[in-house]
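Visitor: Quick one, structure for this:
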Amino acid sequence: MTEAHVTGVRMVAIPVADQDRAIEFYSVALGLTKSADRVIEEIGSRWVQMSAPGIEIALLTEYPGFSAGRDTGVRLVTADARALHAHLVGHGAKVNELLLWEGLPPMFEFDDIDGNTLYAVQ
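Guide: As a prediction, the model looks like this:
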């Protein structure tokens, strides 16, 4: 008998205004690769999926109740928070200060091109 409990997170969905611009940002600024891009007739919308090992993000067009410009709560892991922070600044992303708090890993928050807040943690 299968137990009814959660065993992981398959993917997160992020609302975007322009999927092509979002694909560019998530690939160039974050190093993700487009792993799916197709129209789903049943919902009349394009499904775009960006991936890296252990990460699946769906970049979906906005709809009522799911609009861009929100705090996603998504924490992305990086091997080097300082380097990613500098990289994002160099790509024009809105990036807050790098937090170097004792006893915690380096981290910062940033906005994607649609104003969605994400977080990076080393």
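
Visitor: Please make it C-alpha for all contacts and neighbour counts, starting now.
Guide: OK.

Visitor: which intervals of the protein have sub-threshold pLDDT?
Guide: For the chain, the stretches with pLDDT under 70 are 1-2.

Visitor: make it 90
Guide: For the chain, the stretches flagged by pLDDT under 90 are 1-9, 43-44, 63, 91-92.

Visitor: so where do the strands sit in it?
Guide: In order along the chain, the chain carries the following strands (DSSP state E): 12-16, 33-40, 45-52, 55-61, 71-77, 94-95, 107-111, 117-121.

Visitor: So which of those strands is nearest L84?
Guide: For those, the distance to L84 is smallest for strand 117-121, at 8.2 Å, taking CA to CA.

Visitor: Off-centre distance for the closest one?
Guide: Here the centre of strand 117-121 is set off from its chain's centre by 8 Å, with CA atoms, centre = their mean, to the nearest Å.

Visitor: and W101, which of the strands of the chain is closest to it?
Guide: That would be strand 107-111 among the strands of the chain, by CA to CA, at 8.8 Å.

Visitor: Just put the strands of the chain in CSV and tack on mean neighbour count.
Guide: Output for these, formatted as CSV (neighbours: other CA atoms under 10 Å):
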stretch, mean neighbour count
strand 12-16, 20
strand 33-40, 14
strand 45-52, 17
strand 55-61, 20
strand 71-77, 15
strand 94-95, 16
strand 107-111, 21
strand 117-121, 20
